[in-house]
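>>> make a model of this:
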Amino acid sequence: MGLLTPVLRSRAVAALTSPHGIDRYLEQVNPMWAAHEVRARVVDVRREVDVPGHPAVTTLTLQPTSTWAGHRAGQHVTVGVELGGRRVTRVFTVSSAESNAGDRITLTVRADSTGPGSVSRFLAEDAHPGTLLHLSQAEGDFTLPHRVPERILLVSGGSGITPVMSMLRSLQRRTHRGRIAFLHFARSPEHVIYRDELADIARTGYGVDLHVLHPSEGDPYVSPAFLERLVPGYRDVPAWACGPHSLIEAVQAAYGVSTSSTNEGPLHVEYFKPPKPVGTGGGELTFARSGRTVANSGGLLLDQAEAAGLRPESGCRMGICFSCTVRKTDGTVRNVLTGETSSAPDEDIRICVSTAEGDCSLSL
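Purely as a prediction, here's the structure:
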């Protein structure tokens, strides 16, 4: 494929293969041949967490097609799988160290029944060596700078460890000579993702000050005093934090930055799971294109649209990928990540992290 790639990407070939495109024909011959699209074959499956009564967590090793351009540590991809006769997508962070074109990568996936098709449950429980996936190129700004400071802090909670581990693995491969403080929060020792790898890091050091913590129910994640004890002078240490909303809010408060910021001063954050909406509802939601109107429950607009039988585009379901962006034509909405409200007409909103306050109309 290497020598043929420039030819297959030419305008002449595109014209000859219209309207389907060259990749549709190549896929019929060999699923791993592609001129433009990115596909990947699962080559290894490893269960990370298997606690009875809790969602499984699985790491998939993927061999992408030669069209894969590589990724920076912390970035994510949109994964498409064929389920129920249609292609459904979800966004996942690449958990392996930064990659180059054509390199193998890993995705670590927690089974989740949220949303139609449950891509995550299929990947975590049913994918096997040989399974073919469709990928986007890597995206996202939650990344390390090209010149990494000598001293950094990494903070993660639950599945939010995946981009942070990509960063740590990349720094280890670069033989980073500074100090890395790494705090990870998990429900219990059995729920720790990458438990064996983290135990090895704790035992050997590798320039990493590792703390795996299991807060009790209701305990705060972090406080200024807590961080100062584990990471002296932390306010001057560049930090990258990923996890549920409660963890991110606690880290932001400790750094003294606003909860509406994802990149303020030395702190860089990414929400791995948005907070549950606390809106009171009221009024009606109008889905203009489909001609449906339902009572506004106060829940996330994406959830309410799906409950009404609609199937809007969505990916990450946490406000990262923007694939669920929809035009709001009328009404007031609140972003559950930032708490900001807006009543501007004809604005684009991310319905996976937005609720409506009263009547609202969407172009769905």
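
>>> for the chain, which helix is longest?
helix 161-173 (DSSP state H).

>>> what does that helix rub up against?
73-76, 92-98, 108, 142, 144, 148, 154-156, 180, 182, 184, 193-194, 197, 206, 208, 240, 242, 270 (C-beta atoms under 8 Å, 6 or more residues apart in numbering). C-beta coordinates here come from the backbone N, C-alpha and C atoms, glycine included.

>>> filter the residues you listed to the buried ones?
Buried members of the contacts of helix 161-173, counted by 16 or more other C-beta atoms under 10 Å: 73-76, 92-98, 108, 142, 144, 148, 154-156, 180, 182, 184, 193-194, 208, 240, 242, 270.

>>> which other helices and strands contact the helix or strand following the longest helix of the chain?
With elements assigned by DSSP states H and E, the helix or strand that comes after helix 161-173 is strand 179-185. On a contact count with 3 or more C-beta pairs under 8 Å, 6 or more residues apart in numbering; DSSP states H and E, strand 179-185 meets strand 151-157, helix 161-173, strand 208-213.

>>> list the buried residues for the longest one?
Right, helix 161-173. In helix 161-173, counting by 16+ other C-beta under 10 Å, buried: 161-171.

>>> again with the last one
Under the neighbour-count criterion of 16+ other C-beta under 10 Å, strand 208-213 has 208, 210, 212 buried.

>>> kindly format the C-alpha coordinates of the helix or strand just after that strand as CSV.
Later in the chain than strand 208-213, the nearest helix or strand by DSSP H and E is helix 224-230. Only the C-alpha atoms of helix 224-230 are listed here, as CSV (Å, rounded to 0.1, in the frame of the first residue of the first chain):
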residue,chain,number,x,y,z
PRO,A,224,-4.8,22.9,50.0
ALA,A,225,-3.3,21.3,53.2
PHE,A,226,-3.6,17.8,51.7
LEU,A,227,-1.8,18.8,48.5
GLU,A,228,0.8,20.9,50.3
ARG,A,229,1.7,17.9,52.4
LEU,A,230,2.1,15.5,49.5
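
>>> where do the strands of the stretch 1-150 of the chain begin and end?
If DSSP state E, counting those that start in this stretch is used as the criterion, the strands of the stretch 1-150 of the chain fall at 38-49, 57-64, 76-83, 86-93, 105-110, 132-135.

>>> for the stretch 201-350 of the chain, same thing?
208-213, 239-244, 263-264, 267-273, 284-287, 292-295, 325-335, 341-342, 347-350.

>>> considering those strands, which stretch scores lowest in mean pLDDT?
Per-stretch mean pLDDT for the strands of the stretch 201-350 of the chain is lowest at strand 263-264 (a mean of 66).

>>> one step back: could you check the angle strand 105-110 makes with the longest helix of the chain?
150 degrees (axes from the mean of the first three to the mean of the last three C-alpha atoms, to 10 degrees).

>>> between helix 161-173 and strand 239-244, how big is the angle?
Using the same axes, to 10 degrees: helix 161-173 against strand 239-244 is 150 degrees.

>>> mind listing what the closest residue to residue 347 other than its chain neighbours touches?
Excluding its sequence neighbours, the residue lying closest to residue 347 (C-beta to C-beta, 6 or more residues apart in numbering) is residue 328, at 5.6 Å. The contact partners of residue 328, taken as C-beta under 8 Å, 6+ apart, are 345-349, 360-363.

>>> what's the span of stretch 139-159 from first residue to last?
18 Å (C-alpha to C-alpha, to the nearest Å).

>>> could we number from 5 for the rest of this?
Okay, residue one is now 5; in that scheme the one you just asked about reads as stretch 143-163.

>>> buried set for that stretch?
Neighbour-count burial for stretch 143-163 [16+ other C-beta under 10 Å]: 144, 146-148, 152, 156-163.

>>> those into CSV, with extra columns for pLDDT and distance to residue 343?
As requested, those are exported to CSV (pLDDT from 0 to 100; distance: C-beta to C-beta, whole Å):
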residue, pLDDT, distance to residue 343
144, 91, 23
146, 94, 20
147, 95, 26
148, 92, 28
152, 93, 32
156, 96, 28
157, 97, 25
158, 97, 26
159, 97, 21
160, 96, 23
161, 94, 20
162, 93, 22
163, 93, 23
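
>>> can you pick out the most distant pair from the residues you listed?
Greatest spatial distance among these (C-beta to C-beta): 152 and 162, at 24.7 Å.

>>> which residue sits closest to residue 82, ignoring its sequence neighbours?
Nearest to residue 82 is residue 140, by C-beta to C-beta, 6+ apart, at 4.0 Å.

>>> quick one: residues contacting the one you found.
Residue 140 neighbours (C-beta under 8 Å, 6+ apart): 42, 81-82.
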